[in-house]
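Got a sequence here, can you build the structure:
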Amino acid sequence: MKKVVYSGLVALFLGVLLSVLPLSVQAQCTMCKTQVEASRQEKDGYDTTGLNKGILYLMTIPYVLIGTVGYFWYRHSQQKKKTAHG
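Reported below is the predicted structural model:
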């Protein structure tokens, strides 16, 4: 039981850490950053205020999907073990 609680706390800590961490990082690739800097110098440049948030959003989706599939796979394997032993 202690192992389950410990692993749950570690998972919670990592989840909080990983969800707060992207707030402080700059997620722009080199090409995006170059484009933003070039558009800032032009008079009629487009608005780039949401670029970082968009990149972070697009980066997060695959991790959420993989995590969801992994969770259900783990839960299914645990149910198989219980029925095999029980």
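
What is the least confident helix or strand in the protein?
Lowest by mean pLDDT, DSSP states H and E among the helices and strands of the chain is helix 30-41, with a mean of 73.

just checking, what packs against the next helix or strand after it?
Note on helix 30-41: by DSSP states H and E, the next helix or strand toward the C-terminus is helix 51-85. Identification of packing neighbours for helix 51-85 by 3 or more Cβ pairs under 8 Å, 6 or more residues apart in numbering; DSSP states H and E yields helix 30-41. (Glycine included, C-beta is placed from N, CA and C.)

and the gap between Lys53 and Met59?
In this view, Lys53 and Met59 are 11 Å apart by Cβ to Cβ, to the nearest Å.

Kindly report the same for Glu37.
Separation of Glu37 from Met59 (Cβ to Cβ): 21 Å.

And Leu14, by the same measure?
17 Å.

Can you list the low-confidence ranges for this structure?
21-28, 42-49, 86 (pLDDT under 70).

do that again at 90, thanks
The model of the chain has pLDDT under 90 over residues 1-61, 80-86.

Report the central residue of it.
With distances taken as Cα atoms, centre = their mean, the residue of the chain nearest its centroid is Thr60 (3.7 Å).
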